[in-house]
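Student: with the input below, show me the fold.
(one chain, ligands or ions: 3)
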Amino acid sequence: METDLKLESSLWVGNKRYRAVLTGWHFNWTEVDKKNRDNQTISVPVAEVVGVEEGRVEILPQKSVEDTDKDFTVFYIKRSSSGGSYGLLWRLGRTQFSCPSRVLRDQWTKHLRTALKTHSPLRPHRLLVFINPFGGKKKGRKIYHSLVAPLFELAGISSHVIVTERANQARDHLLKKDLTGFDGVVCVGGDGMFSEILHGLIGRTQQEAGLCENDPAVTLQPCPLHIGIIPAGSTDCVCYATVGVIDPVTSALHIIVGDSQPLDVGSVHQASALVHYSVSLLGYGFYGDVLAESEKHRWMGPLRYDYSGTMVYLSNRSYAGIVQYLPADPVLSSPRDRTRCLSGTFLNPASSLSLSLSLSLSLICPGEWVTVEGRFRCVSLTCMSSSCPKSPLGLSPSAHLADGTGDLILVWDTHPLGFLKFLYRHTSTEDQFDLPFVEVHRVKAVRFSLPSKRGTGRDLTNEQKTTTPFLCGLCCSKAPAVSVWNCDGEILPFTEILCRIHGQLVRLYARGIEDGAAVHNCSEENDQFERTSFSNGLA
Ligand SMILES: Nc1ncnc2c1ncn2[C@@H]1O[C@H](COP(=O)(O)OP(=O)(O)OP(=O)(O)O)[C@@H](O)[C@H]1O
Ligand SMILES: CCCCCCCCCCCCC/C=C/[C@@H](O)[C@H](CO)NC(C)=O
Ligand SMILES: [Ca+2]
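Tutor: Ligands and ions are numbered 1, 2, ... in the order given. All right, here's what the predicted structure looks like:
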C-alpha cells in the first residue's frame, strides 16, 4: 500500500517478521509476534537515516556487499551515553531487511531515498576537507581515512581532501581559491585548525560582501558555508562545546545529517585593525600566561597545559588593567541564570543594528559602557560555555552558543588559595562565580587598556598588591608588569584591545549538546532492537 512518501509492508529481519511503515518523517518497524505484546516499535527519524543500500551491506570495519535482490540495508544513527562527557555518542546503526519480492525491495529503497532528500535539505553533497597531519597525536590522516571517509561515502558525500603542508594553508586556500560547489568545509585537527577555517571563511565572506573587517562597528556578513570539525587535536574545545563529546564518528554523523548550529564570534581589534577572531576564550592574565608558558614546552604534547597551568599558578601573578564593557540586555538572560545551552534551545541574538549603533554612539557618548579598574588574576571573555573535558560545564556554564553575547569573567586579585578554589570549581558543578573576588557579566563588547600608572588595586592591602611567587624556588624571576592575551589558543601581539561579539556569524555542522534524558527512549529502543538482532545472530 503506497501514498506519496508513505509505504507500509511486511519485512523480515533474520527469521522474524516485522510490520514496517514509512510515514515521511519516520521509518518504524514492529515485530509481528504474539510475544511482542507491548508492540515495541523501533522508530528512526528519516532525518537520522545515514544511507540506504541494496543487498546485505556492511561498512565498518570494512565494506562488504552481498548483492542479493530481495534485501536492503538501512544505516542510521544510534545514540549511546558517553561515560564522562555531557553529550551523547553517535554510532552507526545497521539493519538488514528482506522483502518477499524484488519489486517491493526497490519500492522501499526508492521511497526511503526520496524521503531522505525531502526531509533533510541541509545535508551536504560536496565538502572541502583539510587535514592537519601534525595536530594532536598526529593521527588526523588515519582518523579521517579509517573512521570518517567510509561514512561520507555511504552517505553519498563527495569530498576534496587537502592534507596541509604548512600552518595557515587552509586559511589562505579559503581566502583565495574557488569554493564553488562546496556545501561546507571540514577540518580534521584541533582548535588551531578550526581557527584557520574560521578566519578563512569569515574573511572570504566579507571580501565578497565588500565589508571592512577592521572596523568593529561594521555588521559582518554571516558565512554561507557550514564548518564541520573532526576532532584530532590536543585541545578540541569548540568541538566539545558544540557537540558534547570529542569523538570523530559522532562529529562525522552530525556533518552527514546536515545539522546546523549557529555560533557567535568575537572580533578582536587593536586601534583600527582586526587582530583575530575568537569563539572560545579571549583571556588575559592566567590563561594568557599558561599559553605563553606552554609554548616553551611543546615537546610535552597535550600534557604541556597541565604542567604550565601548575607553574603559572605557583607564580601567583596578577595584573593591573582597565576593563570596559557594553552590557547585554539583562532582561533577556544572565550568565548566572543557571540555564544551559542545550540542543534545540535558542535565544534570539542581540540585535546587530542596535549594537552597531551603540558602538558608534559610544565614541561620542561613552556612558553606556561600564568601566572597572584594578588588579586581576584573569580577565576572560567567551562567546560560549567553553566546556571541555577538563571543565565539563566550562568557563561560563550558562553562556549560549548563538545569542549574540559573550560572558566576561573578571577575577580580581586574591589569595592563592582563593584563586585555586576558583580554578578547582571549573572541574566540578560548584558555581565558580559564587566567590567574592569573581564577577561575571553578559556583554556585547569589551575594551581592555593599561592604567597610566601601575599599582591600582581594589580593596587590597599594599602587601597583597605585590605579585611575588608564593612558593620560592620554583618561579622566582621577577613577575612581568603585563600579561598576554590568549585568543583561542593563539598569543596576541597586543595588550590594549577591543572585542565585539557578532551574533551567529558562522554555522557548524552540530546541534549543541543533546539532553541525554530527552533522547533516552530512542536509545533504549535501539538497544532493545540490538538485543533482538543479536539473538538472531544478525548484528
Ligand atoms: N601541515 C602543518 N604544519 C604545521 N602546522 C600546521 C599544519 N597544518 C596546520 N598547522 C597549524 O597547526 C596548529 C595546531 O593545529 P591543531 O589545532 O590541529 O592541533 P593541536 O595539536 O590541537 O594544536 P595546539 O598545539 O594548538 O594545541 C594550527 O594553528 C594550524 O595553523
Ligand atoms: C586545580 C584544578 C585546576 C583546573 C583548571 C581547569 C580550568 C579549565 C578551563 C579550561 C578552559 C578552556 C577554554 C578554551 C580554550 C581554548 O580556546 C584554547 C585553545 O584550544 N585552549 C587553551 C588551553 O588555551
Ligand atoms: Ca554567546
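Student: what is the neighbour count of whatever residue of the chain ends up closest to ligand 3?
Tutor: Nearest residue of the chain to ligand 3 (Cβ to the ion) works out as Asp264 at 3.9 Å. (Each C-beta comes from the backbone N, C-alpha and C, glycine too.) Here the count is done by other Cβ atoms under 10 Å, and Asp264 has 25 residues near it.
Student: who's in contact with the closest residue to it other than its chain neighbours?
Tutor: Spatially, and ignoring its direct neighbours in sequence, Asp264 is nearest to Cys383 (4.1 Å; Cβ to Cβ, 6 or more residues apart in numbering). Residues counted as contacts of Cys383 (Cβ atoms under 8 Å, 6 or more residues apart in numbering) are Leu263, Asp264, Val265, Gly266, Ser278, Val279, Ser280, Ala399, Leu401, Thr405, Gly406, Ile501.
Student: now with 7 Å, please.
Tutor: If a contact means Cβ atoms under 7 Å, 6 or more residues apart in numbering, then Cys383 has Asp264, Val265, Gly266, Val279, Gly406, Ile501 as its contacts.
Student: and the pLDDT for the closest residue to ligand 2 within the stretch 51-200 of the chain?
Tutor: With Cβ to the nearest ligand atom, the shortest gap between the stretch 51-200 of the chain and ligand 2 falls at Asp191, namely 3.4 Å. Among the per-residue scores, Asp191 shows a pLDDT of 96.
Student: same question, the one 4 residues further on
Tutor: The confidence metric pLDDT takes the value 98 at Ser195.
Student: pretty sure it contacts Leu281?
Tutor: No - assessed by Cβ atoms under 7 Å, Ser195 is found out of contact with Leu281, at 11.3 Å.
Student: which residues do those two both contact?
Tutor: Once Cβ under 7 Å, 6+ apart is applied, the residues that Ser195 and Leu281 both contact turn out to be Asp488.
Student: let me see the contact set for the residue nearest in space to the middle of the chain.
Tutor: Most central in the chain under Cα atoms, centre = their mean is Thr242, positioned 2.9 Å from the mean C-alpha point. With contacts defined as Cβ under 7 Å, 6+ apart, the neighbours of Thr242 are Gln261, Leu401, Leu508, Ala510, Gly512.
Student: now the third one. Nearest residue, chain neighbours left out?
Tutor: Residue nearest to Leu508 in three dimensions, not counting chain neighbours: Gln261, with 4.7 Å by Cβ to Cβ, 6+ apart.
Student: surely the one you found meets Glu514?
Tutor: No - Gln261 is beyond contact range of Glu514, at 11.5 Å (criterion: Cβ under 7 Å).
Student: any idea how many residues pack against Met300?
Tutor: Around Met300 there are 13 other residues, counting by other Cβ under 10 Å.
Student: related to what we said a few turns ago, do the helix or strand hosting the residue of the chain closest to ligand 3 and ligand 2 meet?
Tutor: In the assignment (DSSP states H and E), Asp264 maps to strand 261-270. No - for a cut-off given as Cβ under 6 Å from any ligand atom, strand 261-270 has no contacts with ligand 2; the smallest distance is 11.5 Å.
Student: run through the residues of the stretch 101-250 of the chain sitting next to ligand 2.
Tutor: Within the stretch 101-250 of the chain, the positions adjacent to ligand 2 are Asp191, Thr235, Cys237 by Cβ under 6 Å from any ligand atom.
Student: measure the last one to Pro389 for me?
Tutor: In this structure, Cys237 lies at 9 Å from Pro389, with Cβ to Cβ, to the nearest Å as the measure.
Student: those two: who's more crowded?
Tutor: When neighbours are counted by other Cβ under 10 Å, Cys237 and Pro389 differ, and Cys237 comes out ahead with 29 against 13.
Student: if I've got this straight, Arg447 is in a helix?
Tutor: No - the assignment for Arg447, made by DSSP: H, G, I helix; E, B strand; the rest coil, is strand rather than a helix.
Student: ok, it touching Leu498?
Tutor: Yes - contact between Arg447 and Leu498 holds when scored by Cβ under 7 Å: they sit 4.8 Å apart.
Student: spell out which parts of this protein neighbour ligand 3.
Tutor: Neighbours of ligand 3 within the chain, by Cβ under 5 Å from the ion: Asp264, Cys383, His400, Asp403.
Student: make it 8 Å
Tutor: Near ligand 3, the residues belonging to the chain are 264, 341, 383-384, 399-407, 501, 503 when assessed by Cβ under 8 Å from the ion.
Student: for Ile162, which non-adjacent residue is spatially closest?
Tutor: With Cβ to Cβ, 6+ apart as the measure, Phe130 is the residue that lies nearest to Ile162, at 5.3 Å, once sequence neighbours are left out.
Student: that should have said Leu147, apologies.
Tutor: Spatial nearest neighbour of Leu147, chain neighbours left out: Pro248 (4.9 Å); criterion: Cβ to Cβ, 6+ apart.
Student: quick one, what contacts that neighbour?
Tutor: Shown here is Pro248, whose contacts under the criterion Cβ under 7 Å, 6+ apart are Ile143, Leu147, Val148, Ile230, Pro231, Ala232.
Student: let's go with 10 Å and repeat that
Tutor: Applying Cβ atoms under 10 Å, 6 or more residues apart in numbering to Pro248 gives the contacts 139-140, 143-144, 146-148, 151, 188, 229-232, 236, 239.
Student: for it, give its distance to ligand 2.
Tutor: With the distance defined as Cβ to the nearest ligand atom, to the nearest Å, Pro248 ends up 17 Å from ligand 2.
Student: go on, Leu274?
Tutor: Here Leu274 is placed at a distance of 18 Å from ligand 2 (Cβ to the nearest ligand atom).
Student: wait, is that residue part of a strand?
Tutor: Yes - membership of Leu274 in a strand is supported by three-state DSSP.
Student: Leu220: which of the residues of the chain next to ligand 3 is nearest?
Tutor: Distance to Leu220 across the residues of the chain next to ligand 3 (Cβ to Cβ) is lowest for Gly503, with 10.0 Å.
Student: look up how far Tyr277 lies from the closest one.
Tutor: In this view, Gly503 and Tyr277 are 14 Å apart by Cβ to Cβ.
Student: that older thread, please pick the buried ones from the residues of the chain next to ligand 3.
Tutor: Neighbour counting over the residues of the chain next to ligand 3 (16 or more other Cβ atoms under 10 Å) leaves 264, 341, 383-384, 399-407, 501, 503 as the buried ones.
Student: which of the residues you listed fall within strands?
Tutor: Asp264, Gly406, Asp407, Ile501, Gly503 (DSSP state E).
Student: beta partners of the fourth one?
Tutor: On DSSP bridges, the residues paired with Ile501 through beta bridges are Gly266.
Student: and it, what is it in contact with?
Tutor: Contacts for Ile501 (Cβ under 10 Å, 6+ apart) come out as 264-267, 278-279, 326, 328, 349-350, 352, 355, 381, 383, 403-407, 442-446.
Student: tell me where the model's unsure across this structure.
Tutor: The model of the chain has pLDDT under 70 over residues 1-4, 34, 36-38, 84-85, 345-367, 453-478, 516-539.
Student: phi, psi of the residue of it found nearest ligand 2?
Tutor: Using Cβ to the nearest ligand atom, the closest approach of the chain to ligand 2 is made by Gly489 at 2.8 Å. Dihedral pair for Gly489: phi 90, psi 0, per degrees, to the nearest 10.
Student: distance of the spatially closest residue to Asp515 that is not a sequence neighbour relative to Leu401?
Tutor: On the basis of Cβ to Cβ, 6+ apart, the spatially nearest residue to Asp515 that is not a chain neighbour turns out to be Leu342, at 5.0 Å. Using Cβ to Cβ, one gets 10 Å for the distance from Leu342 to Leu401.
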